[in-house]
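> One predicted model, sequence on top.
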Amino acid sequence: MKALVLEEYKKLVYKDVMDPEIRPDEVLVRIKACGICGSDVHGFDGSTGRRIPPVIMGHEASGTIETTGQAVKKWHKGDRVTFDSTVYPLDDWFTLEGRYNLSDNREVLGVSPGEYRRNGAFAEFLSVPQHILYRIPDSVTFEQAAMVEAAAVALHSINVAQMKAGDSCVVTGAGMIGTFLIKLLRIAGAGIIIAIDIDSGKLASAKEAGADKVFNASEKNIEEKIKALTNSRGSDISFEAAGKNETVNTAIAAARKGGTVVLIGNTSKTIELPLQKIVTGELKILGSCAIRGEYEIILKLLEDKRLNVDDQISAIAPLSEGADWFRKLYNKEGNLRKVILIP
């Protein structure tokens with residue numbers, strides 16, 4: 001099969017590789033669409049250390065089942081499917097507790113951090129276990145289904161936050177996850193939604209997605225401006241979707257006393273935290289990792305036309321041109337949002 005292989009950092013090669021084998025409980029998926037995630041772009045240059053070459057990246061994908069393993073009964077050739085980005089064992093303690101995203105033995109598609117190498121979906125075929133599959137509704141396209149993973153990550157963070165209708169919310173980092181956060185917060189009945197980013201283009205997109213107010217991170221006195229919009233308190237919930245020292249501290253500064261800060265961004269390994277503000281303000285600092293069952297909800301929102309993902313797709317291109325699109329994203333050319341590659 002053909003695949004886009006990260007042979008070394010900043011070197012992607014479209015080449016022939018061996019077709020994946022499937023185990024009895026797995027299916028072979030013919031990939032129809034795979035989105036380039038921001039984490040793939042960071043993996044491209046080695047900045048996160050989680051995509052050690054050689055590896056086939058890609059975890060935001062959809063396709064049709066080509067063949068099934070002997071133990072697979074409810075899935076059949078031709079079924080239209082998408083799948084969780086996390087491969088997890090069913091007998092793990094965390095899985096049995098309903099928190100498979102925290103499994104000690106989880107592996108992420110298209111990731112090779114050193115402990116494992118799990119090839120991903122920038123390829124013609126991919127083998128995945130049947131328990132991470134989700135059926136795509138007839139009215140949802142393969143390209144739309146390739147956007148489900150990013151939206152599900154955003155929805156999981158809202159579930160982690162235990163948001164209530166009317167809660168004031170700040171979203172720091174208006175990239176793909178941040179934009180979906182804004183859309184889903186609006187659907188979920190949030191109160192005022194405020195977006196913060198350094199990029200004026202992303203702030204414009206955040207406004208279109210449903211943010212009531214946007215601030216450029218370079219502005220002065222943002223904390224006071226947020227208080228002025230939230231009854232002099234600060235936000236009930238503050239989401240951080242960039243994963244950098246400055247943005248995490250911005251998110252914490254935006255939260256009211258007794259408020260909740262949810263950290264989604266995972267770019268930096270370590271950051272500095274304002275300990276005294278957290279302690280004296282009794283802030284709840286929560287991490288949100290990947291997805292835990294949110295795929296079906298996102299697929300239903302797409303089917304019902306309640307969530308629009310098409311406005312986030314900047315380009316649909318052949319997988320053979322993938323190296324060029326990675327370069328454009330890496331160099332931040334053209335204000336690109338999501339690029340979807342088609343094998």
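Received it, and whenever you're ready, just let me know what you need.
> and the gap between the spatially most central residue of the chain and E282?
Centroid check for the chain by Cα atoms, centre = their mean gives A150 as the closest residue, at 3.3 Å. According to Cβ to Cβ, to the nearest Å, A150 stands 32 Å off from E282. Every C-beta, even on glycine, is put in place using the N, C-alpha and C of the backbone.
> what does W325 give?
45 Å.
> ranges for the helices of the stretch 101-250 of the chain?
Secondary structure of the stretch 101-250 of the chain by DSSP state H, counting those that start in this stretch: the helices cover 142-145, 148-161, 176-188, 200-209, 222-229, 245-254.
> now the fifth one: how far from the chain's centre is it?
When you say that, I think you mean helix 222-229. 28 Å (Cα atoms, centre = their mean, to the nearest Å).
> Tabulate the CA atom coordinates of the helix or strand bottoming out on mean pLDDT in the chain in CSV.
Across the helices and strands of the chain, mean pLDDT, DSSP states H and E gives its lowest value to helix 38-44, namely a mean of 93. The C-alpha coordinates for helix 38-44 follow below in CSV (Å, rounded to 0.1, in the frame of the first residue of the first chain):
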residue,chain,number,x,y,z
GLY,A,38,-1.7,20.2,15.0
SER,A,39,0.0,17.4,17.0
ASP,A,40,1.1,15.8,13.7
VAL,A,41,2.7,19.1,12.7
HIS,A,42,4.5,19.3,16.0
GLY,A,43,5.5,15.6,15.5
PHE,A,44,6.8,16.6,12.0
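> helices or strands next to it in the packing?
Applying 3 or more Cβ pairs under 8 Å, 6 or more residues apart in numbering; DSSP states H and E, we find helix 38-44 packed against helix 322-330.
> Counting by contacts, list what the helix it packs on packs against.
strand 11-16, helix 38-44, strand 338-342.
> Identify each buried residue in that helix, please.
By neighbour count with 16 or more other Cβ atoms under 10 Å, helix 322-330 contains the buried residues G322, A323, W325, F326, K328, L329.
> got it, and stretch 292-302?
Buried, per 16+ other Cβ under 10 Å, within stretch 292-302: R292, E294, Y295, I297, I298, L299, L301, L302.
> quick one: the first one and E97 touch, right?
No: taking Cβ atoms under 8 Å as the contact criterion, R292 and E97 are not neighbours in contact, 10.9 Å apart.
> tally of neighbours for the residue lying closest to R106 once chain neighbours are set aside?
Nearest non-adjacent residue to R106, counting by Cβ to Cβ, 6 or more residues apart in numbering: Y88, 4.5 Å away. Neighbour count for Y88, taken as other Cβ atoms under 10 Å: 22.
> Next, the contact list for Y88, please.
Applying Cβ atoms under 8 Å, 6 or more residues apart in numbering, we find Y88 in contact with T95, Y100, N101, S103, N105, R106, E107, I132.
> Can you check my assumption that K300 lies in a strand?
No: counting by DSSP: H, G, I helix; E, B strand; the rest coil, K300 is located in no strand; its state is helix.
> Of the contacts of Y88, which is the most crowded?
Y100 (23 neighbours).
> any idea how far G173 is from it?
26 Å.
> before we move on, the earlier item: closest one to K220 among the helices and strands packed on helix 322-330?
Among these, helix 38-44 comes nearest to K220, with 28.1 Å by Cβ to Cβ.
> Contacts for that closest one, please.
6, 9-10, 12, 48, 50-51, 57-59, 110-111, 175-176, 266-267, 326, 329-330.
> Adjacent strands (with direction) for the next helix or strand after it?
Remark: after helix 38-44, the chain's next helix or strand is strand 60-68, criterion DSSP states H and E. Strand 60-68 has the following strand partners under DSSP bridges: strand 26-35 (antiparallel), strand 80-83 (antiparallel).
> now the angle from strand 60-68 to helix 176-188?
Using axes from the mean of the first three to the mean of the last three Cα atoms, to 10 degrees, the inter-axis angle of strand 60-68 relative to helix 176-188 is 90 degrees.
> thinking again about what came up before, for the contacts of Y88, give me JSON lines that also has distance to G191 and pLDDT.
Shown next, in JSON lines, are the contacts of Y88 (distance: Cβ to Cβ, whole Å; pLDDT from 0 to 100):
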{"residue": "T95", "distance to G191": "35", "pLDDT": "96"}
{"residue": "Y100", "distance to G191": "32", "pLDDT": "96"}
{"residue": "N101", "distance to G191": "28", "pLDDT": "96"}
{"residue": "S103", "distance to G191": "35", "pLDDT": "96"}
{"residue": "N105", "distance to G191": "40", "pLDDT": "92"}
{"residue": "R106", "distance to G191": "35", "pLDDT": "95"}
{"residue": "E107", "distance to G191": "39", "pLDDT": "96"}
{"residue": "I132", "distance to G191": "35", "pLDDT": "98"}
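> So which of those are in strands?
If you go by DSSP state E, the contacts of Y88 have E107 in strands.
> From the contacts of Y88, pick the one nearest I182.
Comparing those against I182 with Cβ to Cβ places N101 closest, at 22.4 Å.
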